[in-house]
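Q: Build me a structure from this.
(one chain, ligands or ions: 1)
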Amino acid sequence: MFSAMADLRSVPVAPGRLPGIGHLGALARGPLEFLVALRGSGDIVRVDLGPKPVYFITAPRLHRQALTTPGFSRGRIYERARTLFGNGLATSDGALHLRQRRLVQPLFHRAHVESYLEMMAAQARALVDSWEHGRVVAVDRAMSDLMLKIVVNALTSRDIGRSAAAEIHRLMPVIMKGIALRMVTPVHPRFDAAADRLRRLVGELITAYRASPGDGSDLLAMLVAADMSDEQICDEVVSLLMAGTETPSSTLAWVFHELARHPSVEQRLHAEARSVLGGAPVTMEALGRLEYTRRVVTEALRLHPTLLFTLRTTQTVSLGGVEFPRGVELAYSPYALHRDPSLYPSPLHFDPDRSVPDAFSPFNFGVHKCVGEHFAWAEMMITVATIAARWSLRSCGPVREVLAIVPRPRSLPMRVVAR
Ligand code: HEM
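A: Below is the predicted model:
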């Protein structure tokens, strides 16, 4: 029968392919540059990274289409992540994912997030109160620590969670540091010990919550009250710790890096933080008035997003005029999509005044859209405004971007200057 669809052989192959190793060499030489350059070869481009080719979606309209059409599962990165972190919302797929999404999503509704604003503001204030004029602080580490504190506090606010919280703070940096290596190696003793301990610790917390449910106001109490096994709750907690710390902390580190390079942006931001917050308690309504702060964070999310997501077809799917049979690997890079000059003129320029197109969605589209989006906006806006109202952070030298799930500054020492 005649089909207007082209088959896989029609998809252009990325330049730099070598016999035997495919594109591994080109990718190793400059992974970020390689991904950004793919769009020059077509809307969908074949990359050979092992025995099976991966088809990279480079056109923003196809990216949205792929995420909102049935026929895709999450692909190889998530399969690997599942063996390490279990079947929580951030890694699960299909019917199990939908069931979990129905249970977890209500916990992140605006109204619930509102109940955490005071805690978020108190944590951000404690950080800025600990700084002194002239001191150099590791802003990347300060942001990771703050974002972890906020998630852990939202998860467990009761006394029985306090000692567990301290240990989670010790374990998470070990896990986050080892994750990239552990994804490609069969063992990693430090990572494995920390991940095991984390699961045991969360298991003990769940037992304590079941024995004494408390007033049910924190996330763990709500998970325990939902219809889930202990193992499933443990997977959800690990999932939230993993998904809920790295991305906002990296985004915030980039915000302060960009502010130091753009004094006029910084001035506007500072003026807004003072006039809107001005010592008043943080409310959703006040966050809504931090319009310029939102633009600054949005621009950091555009320029410094997640590197890569994978997909796999679960049935025959038509995309961009090509017919993909079942079992084909696809991928897309928000990092590359957000640097497409047809959508973002002068894409490397940090410009909070640029207008963003519908295709822009740092929290993604479709069934896996970030469940923590409201939470993330609240904690990031509160952090930026709280710091900006008191301090200016000055650069201490050049900053290198490192390859990671969310490419982040290698280290970000900055000098704290009183305003
Ligand atoms: C700057 C901050 C954040 C960004 C840019 C971000 C981005 C994303 C993106 C792009 C996805 C979709 C992944 C996919 O398609 O497979 C996602 C999913 C998810 N995020 Fe976030 N996220 C952020 C903060 C958070 C926070 C603070 C939490 C929780 C406290 C969170 C929890 C999750 C979870 C559980 C999922 C999986 C949702 C699902 O598959 O149903 N995220 N996030």
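Q: Enumerate every residue touching Ala188.
A: Quick fix: residue 188 is His, not Ala. 178, 181-182 (Cβ atoms under 8 Å, 6 or more residues apart in numbering). Heads up, the C-betas are built off the backbone N, CA and C, glycines and all.
Q: How confident is the prediction for the closest residue to the ligand within the stretch 151-300 of the chain, by pLDDT?
A: Using Cβ to the nearest ligand atom, the single residue of the stretch 151-300 of the chain nearest to the ligand is Gly244, 2.9 Å away. Looking at Gly244, its pLDDT is 93.
Q: Can you tell me the number of residues neighbouring it?
A: Residues contacting Gly244 under the criterion other Cβ atoms under 10 Å number 25.
Q: Quick check: chain neighbours aside, which residue is closest to it?
A: Closest residue to Gly244 apart from its sequence neighbours, by Cβ to Cβ, 6 or more residues apart in numbering: Val151 at 4.6 Å.
Q: buried stuff in the host helix or strand of the one you found?
A: Val151 is part of helix 139-155 when elements are defined by DSSP states H and E. Going by neighbour count (16 or more other Cβ atoms under 10 Å), the buried part of helix 139-155 is 139-140, 142-155.
Q: Pull out the buried residues from the helix or strand following that helix.
A: Next in sequence after helix 139-155, counting helices and strands by DSSP H and E, comes helix 162-184. For helix 162-184, burial by neighbour count (16+ other Cβ under 10 Å) applies to 164-165, 168, 171-172, 174-176, 178-179, 182.
Q: got the residue ranges for the strands in the stretch 1-150 of the chain?
A: Along the stretch 1-150 of the chain, counting by DSSP state E, counting those that start in this stretch, strands occupy 44-48, 53-57, 72-73, 136-138.
Q: sorry, back to before: could you report the separation of the residue of the stretch 151-300 of the chain closest to the ligand from Leu148?
A: 9 Å (Cβ to Cβ, to the nearest Å).
Q: Ok, Glu329 next?
A: 33 Å.
Q: Please apply the same query to Val296.
A: 23 Å.
Q: pLDDT at the residue lying closest to Ser92 once chain neighbours are set aside, what is it?
A: Leaving aside its chain neighbours, Ser92 sits nearest to Gln100 (6.0 Å; criterion: Cβ to Cβ, 6+ apart). Here, the pLDDT recorded for Gln100 equals 93.
Q: Was I right to think Gln100 contacts Gly88?
A: Yes - here Gln100 reaches Gly88: they are 7.4 Å apart, a contact under Cβ atoms under 8 Å.
Q: circling back: could I get the contacts of His188 as a markdown table with distance to Ser229 and pLDDT?
A: Listed next are those as a markdown table, based on distance: Cβ to Cβ, whole Å; pLDDT from 0 to 100:
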| residue | distance to Ser229 | pLDDT |
| --- | --- | --- |
| Gly178 | 27 | 87 |
| Leu181 | 31 | 85 |
| Arg182 | 25 | 88 |
